[in-house]
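K.L.:
this one's sequence-less:
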């Protein structure tokens with residue numbers, strides 16, 4: 001079946017449709033490790049005028065942005081946010097921040113608690129939003145001093161290791177390795193074996209990978225060097241280091257809150273999380289097409305018909321989406337840890 005990339009992009013009051021939109025390219029980046037995603041929209045400077053005005057006269061910083069992409073007559077919403085910067089070069093590159101943009105620009109807040117919970121802090125910070133988070137006491141109290149909501153959750157990440165997602169006025173805050181509510185997608189490795197292809201088809205599966213840069217690694221071959229830090233209410237952090245001391249070991253830092261009160265507890269927690277990062281499975285990145293609509297924080301099931309024992313489900317840590325009429329529609333997915 002022949003498919004043609006299709007786009008519907010709205011910037012302020014200007015709408016760009018399909019292959020005659022004048023859009024040269026779109027890039028969208030998102031990661032569970034970062035607060036918020038970004039997008040870049042590239043437009044030729046000689047883009048036709050609208051109502052006698054050049055494109056730079058029609059759009060401005062802070063304009064709302066929506067990007068929908070797909071194939072033929074089927075498109076999906078991929079990004080909503082606001083214009084954060086308009087380049088002055090050729091072609092014109094319009095940079096956008098996602099929904100976190102308005103919380104970066106929101107009113108500064110100040111409040112202090114001697115004893116509080118994560119939920120109470122988030123409900124104060126994001127008044128009117130739905131809050132989803134674990135039942136965590138911030139026993140050392142918490143201080144917000146002339147900070148935007150974005151700066152508050154950035155501080156929570158740096159001090160306690162929480163990751164925070166925002167979607168449709170719902171704030172979800174969670175510990176690493178405790179993701180919930182993700183959607184599972186499936187990527188299927190290609191094969192030239194007719195019997196394997198027939199077996200995949202019997203499962204309603206077919207190869208759908210554009211580029212595969214994954215490597216399969218045995219647990220015993222994984223070298224990790226982890227620095228674990230527990231933030232304490234008296235300002236003196238507890239720190240332990242575990243794992244391989246080899247020069248080529250992968251270095252990771254894990255941050256925990258002040259609910260961990262001793263070095264022994266911190267070491268035990270860090271060793272548990274290191275076991276999650278040490279597994280038999282795939283590591284690296286894998287690129288698919290526009291469909292399925294993978295997103296950072298979702299999970300990806302890898303199907304290898306030639307090596308079925310390697311099938312597994314992984315957290316998608318980040319997604320880089322690229323789109324253009326000439327280059328097609330791709331999603332580069334970087335895997336984090338193995339879920340199952």
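P.N.:
Happy to help now that I have it. Treat the numbers as computed from the prediction; the structure is a model and nothing was measured.
K.L.:
ok, now how distant is the residue nearest to residue 225 when sequence neighbours are not counted from residue 220?
P.N.:
Residue nearest to residue 225 in three dimensions, not counting chain neighbours: residue 249, with 4.2 Å by Cβ to Cβ, 6 or more residues apart in numbering. Yep, even glycine has a C-beta here, placed from its N, CA and C like the rest. From residue 249 over to residue 220 the distance is 14 Å, taken as Cβ to Cβ, to the nearest Å.
K.L.:
ok so, going back, for the residue nearest to residue 225, phi and psi?
P.N.:
Note on residue 249: backbone dihedrals following degrees, to the nearest 10 are phi -70, psi 140.
K.L.:
that older thread, quick one: which of residue 249 and residue 220 has more around it?
P.N.:
residue 249 (14 against 8; other Cβ atoms under 10 Å).
K.L.:
so how far is residue 273 from the more buried one?
P.N.:
16 Å.
K.L.:
so where's the stretch 101-250 of the chain uncertain?
P.N.:
Along the stretch 101-250 of the chain, segments meeting pLDDT under 70 span 139, 176-181, 233-235.
K.L.:
Tell me where it has helices.
P.N.:
Using DSSP state H, counting those that start in this stretch, the helices assigned to the stretch 101-250 of the chain run over residues 118-125, 149-160, 194-202.
K.L.:
Distance from the longest one to the middle of the chain?
P.N.:
On the basis of Cα atoms, centre = their mean, to the nearest Å, helix 149-160 sits 17 Å off its chain's mean C-alpha point.
K.L.:
burial measure for residue 236, as a count.
P.N.:
Quick note: residue 236 (other Cβ under 10 Å) scores 8 neighbours.
K.L.:
now it: how far from residue 126?
P.N.:
Distance from residue 236 to residue 126, counting by Cβ to Cβ: 30 Å.
K.L.:
How about residue 321?
P.N.:
Distance from residue 321 to residue 126, by Cβ to Cβ: 27 Å.
K.L.:
what does residue 57 give?
P.N.:
Taken as Cβ to Cβ, the span from residue 57 to residue 126 is 35 Å.
K.L.:
ok, the two, which is more surrounded?
P.N.:
Remark: of residue 57 and residue 126, residue 126 carries more neighbours, 21 against 11, as counted by other Cβ under 10 Å.
K.L.:
From what I see, that one and residue 150 are in contact.
P.N.:
No. Residue 126 lies out of contact with residue 150 (Cβ atoms under 8 Å); the separation is 10.4 Å.
K.L.:
Show me where the stretch 151-300 of the chain has its strands.
P.N.:
163-167, 170-174, 184-188, 209-217, 224-230, 238-243, 250-256, 281-289, 299-303 (DSSP state E, counting those that start in this stretch).
K.L.:
Neighbouring strands - and their directions - for the fifth one?
P.N.:
Spelled out, it's strand 224-230. strand 238-243 (antiparallel), strand 250-256 (parallel) (DSSP bridges).
K.L.:
Of all those, which one is nearest residue 336?
P.N.:
strand 250-256 (11.2 Å; Cβ to Cβ).
K.L.:
Also compute the angle for the closest one relative to helix 149-160, please.
P.N.:
Following axes from the mean of the first three to the mean of the last three Cα atoms, to 10 degrees, one obtains 110 degrees for the angle between strand 250-256 and helix 149-160.
K.L.:
And strand 250-256, what's buried?
P.N.:
Neighbour counts over strand 250-256 (16 or more other Cβ atoms under 10 Å) mark 254, 255, 256 as buried.
K.L.:
what's the lengthiest helix in the chain packed up against?
P.N.:
Ordering each helix of the chain by length in residues (DSSP state H) puts helix 263-277 first. For helix 263-277, the packing partners by 3 or more Cβ pairs under 8 Å, 6 or more residues apart in numbering; DSSP states H and E come out as strand 224-230, strand 238-243, strand 250-256, strand 328-338.
K.L.:
Run through who's touching the third one.
P.N.:
Here strand 250-256 makes contact (Cβ atoms under 8 Å, 6 or more residues apart in numbering) with 157-161, 176, 222-231, 266, 269-270, 273, 277.
K.L.:
Look at the closest residue to residue 14 other than its chain neighbours and say how many residues are nearby.
P.N.:
Residue nearest to residue 14 in three dimensions, not counting chain neighbours: residue 58, with 5.0 Å by Cβ to Cβ, 6+ apart. Residue 58: 16 surrounding residues under other Cβ under 10 Å.
K.L.:
and the gap between residue 58 and residue 205?
P.N.:
45 Å.
K.L.:
Please apply the same query to residue 107.
P.N.:
50 Å.
K.L.:
Settle it for me: which of these two has more neighbours?
P.N.:
Legend: neighbour count by other Cβ under 10 Å for residue 107 and residue 205, higher for residue 205 (16 against 6).
K.L.:
Isn't the more buried one up against residue 302?
P.N.:
No. Using Cβ under 8 Å as the test, residue 205 is too far from residue 302 to be in contact (11.6 Å).
K.L.:
Name all residues that make contact with the nearest residue to residue 160 once chain neighbours are set aside.
P.N.:
Nearest in space to residue 160, with sequence neighbours left out and distances taken as Cβ to Cβ, 6+ apart, is residue 257 at 3.8 Å. By Cβ under 8 Å, 6+ apart, the residues touching residue 257 are 136, 138, 159, 160, 161, 230, 231.
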